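Trainee: Generate coordinates for the sequence data below:
(one chain, ligands or ions: 1)
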Amino acid sequence: MFDALTRQPDDPLLALIGLFRADERAGKVDLGVGVYRDETGVTRVFRAVKEAERRLVETQQTKAYVGPEGDPVFLERLWALTTGEAGRGRATAGLQTPGGSGALRLAGDLMARTGTRRIWLGLPTWPNHASIFTAAGLEVVTYPFFDIPSQAVLFERMMEALSGAAPGDAVLLHASCHNPTGANLNTEQWRAVAALVAERGLLPVIDIAYQGYGRGLDEDAAGLRILLSAVPEALVAVSCSKSFGLYRERTGAIYAVCGSAETALTVRSNLAALARVSYSMPPDHGSAVVSMILGDEALMADWKAELESMRLRITAIRERLAAGLSRRWQVLTAIREQEGMFSLLPLEEADVMKLRAEHAIYMPTSGRINIAGLKTAEVDAVIEKFLSL
Ligand code: LMR
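Mentor: Numbering: from 1, shown residues only. I've put the predicted structure just below:
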């Protein structure tokens, strides 16, 4: 029976992890998958996470199931962190999920159940967005978002395309730290998008996976909050992978903002039913850690301080990259204004392969670089390699 299957290509981004590991050259540089690394090249466990884990080991009495919805306290605290005042008092159905990807897949499955047929994705976007929503049975359509040669957000073209969306269509938006471009909407643009989404009766699906890595915890959620305040319904997919450094613990949540408490109960029951036939119940460890941090003043303060120092490190590397790369590509001064882990360079696939073959610099063929993976000490050498192309 299995002979009927055809071999599937590896996910190009995840395959890079293996290719990089297998490269034995000294001084190799990994600008591939989006993980934060410190000045020694290590993705460290946050201090507050370590401390929360220590307390959990000491105090946790059971490993019994948490139930399909997950822990309501975690869900409440994460919602408050993400949405602040804008989320307070909204009728919301939240479900703890295996990472942000699990949240997006549940969002897709839920939309398919409600009869939503199409979702609009900005171009370019995280490649897995299209795969996830297609797998959930939605039709993926696209709107222009970013022009690589000019490094500009194509705001007018985005608005024009979304004006053609049919009522009931879903539209995916990155809350901040856009993956893969690092380019984001300003406040005025968020307001205009919120007004358009509300006026046309579209369902916003907001992916927030890098809160705290761009301009700050509240600043990185500001657009999402503007949008939430303008619409009656929304889906918000939250990932704790980066913000809490919990990547492999698969920690996240999906929230559906609903028109009434009654509807929220119905939506929650649908999300729980969808989870049940997929992975049944979410992993607990990461969310127990996040919940403990968000519920403890001292742990929260320490987590915020560490996250802020990481943000500032990325910002400093952005400055240097912008100064260095703009010597050849004037337009790349934009890297300084972009935010979060990624920028998308105007490179051909052949350039990317040359960097990999000749200089052991690894990045996806799209030209995306993970700035958060760079050590300060290697920035100048990396710039020189790019300039030598
Ligand atoms: C990335 O884009 O590098 C991250 O979101 C990791 C992933 O799952 O692709």
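
Trainee: Please enumerate the strands of the stretch 251-389 of the chain.
Mentor: 252-258, 342-344, 361-362, 368-370 (DSSP state E, counting those that start in this stretch).

Trainee: Check which residues of the biggest helix by length in the chain are buried.
Mentor: The single longest helix within the chain, with elements called by DSSP state H, is helix 297-325. Counting neighbours by 16 or more other CB atoms under 10 Å, one finds that the buried residues in helix 297-325 are 299-300, 302-303, 306-307, 310-311, 313-314, 317-318, 320-322, 324-325. In this view, the C-beta of every residue, glycine as well, is placed from N, C-alpha and C.

Trainee: go on, stretch 21-29?
Mentor: So for stretch 21-29, counting by 16+ other CB under 10 Å, buried means residue 29.

Trainee: tell me how far it is from the chain's mean position?
Mentor: Chain-centre distance of stretch 21-29: 27 Å, with CA atoms, centre = their mean, to the nearest Å.

Trainee: Domains in the protein, by residue range?
Mentor: Domain assignment for the chain by automatic domain parsing gives 10-45+299-387, 58-296.

Trainee: Need the phi and psi values for the closest residue to the ligand within the chain.
Mentor: Nearest residue of the chain to the ligand (CB to the nearest ligand atom) works out as residue 34 at 3.1 Å. Dihedral angles phi and psi of residue 34 (degrees, to the nearest 10) take the values phi -80, psi 80.

Trainee: Could I get the contacting residues of it?
Mentor: 179, 242, 341, 342, 370, 372 (CB atoms under 8 Å, 6 or more residues apart in numbering).

Trainee: ok, it to residue 345 distance?
Mentor: Remark: distance between residue 34 and residue 345 (CB to CB, to the nearest Å) = 15 Å.

Trainee: so is residue 92 in a helix, a strand, or just coil?
Mentor: Taking DSSP: H, G, I helix; E, B strand; the rest coil as the rule, one finds residue 92 in the strand state.

Trainee: so it touches residue 79, yeah?
Mentor: Yes. The pair residue 92 and residue 79 passes the contact test of CB atoms under 8 Å, sitting 6.6 Å apart.

Trainee: residues in contact with residue 127?
Mentor: Neighbouring residues of residue 127 by CB under 8 Å, 6+ apart: 12, 13.

Trainee: Quick check: pLDDT value at it.
Mentor: Note on residue 127: pLDDT of 95.

Trainee: same check, this time on residue 105
Mentor: pLDDT, residue 105: 98.

Trainee: Not counting residues beside it along the chain, what's closest to it?
Mentor: Nearest in space to residue 105, with sequence neighbours left out and distances taken as CB to CB, 6 or more residues apart in numbering, is residue 132 at 5.3 Å.

Trainee: Now do the contacts for that neighbour.
Mentor: Residues near residue 132 by CB under 8 Å, 6+ apart: 101, 104, 105, 108.

Trainee: helix or strand for the last one, which one?
Mentor: Counting by DSSP states H and E, the element that carries residue 108 is helix 99-114.

Trainee: So residue 264 is in contact with residue 255, correct?
Mentor: No. Using CB under 8 Å as the test, residue 264 is too far from residue 255 to be in contact (9.8 Å).

Trainee: elements contacting the helix or strand that contains residue 74?
Mentor: Residue 74 belongs to helix 72-87 when assigned by DSSP H and E. Judged by 3 or more CB pairs under 8 Å, 6 or more residues apart in numbering; DSSP states H and E, helix 72-87 is in contact with strand 91-97, helix 222-230, strand 234-239, strand 252-258, helix 285-294.

Trainee: relative to helix 285-294, how tilted is the longest helix of the chain?
Mentor: 110 degrees (axes from the mean of the first three to the mean of the last three CA atoms, to 10 degrees).

Trainee: between helix 297-325 and helix 72-87, how many degrees?
Mentor: Between helix 297-325 and helix 72-87, the angle comes out at 60 degrees (the same axes, to 10 degrees).

Trainee: What residues does the protein have near the ligand?
Mentor: 13, 33, 34, 126, 128, 179 (CB under 6 Å from any ligand atom).

Trainee: count of residues packed around the first one?
Mentor: Same thing as residue 13. When neighbours are counted by other CB atoms under 10 Å, residue 13 registers 18.

Trainee: Check the fifth one too.
Mentor: Neighbours of residue 128 under the rule other CB under 10 Å: 17.
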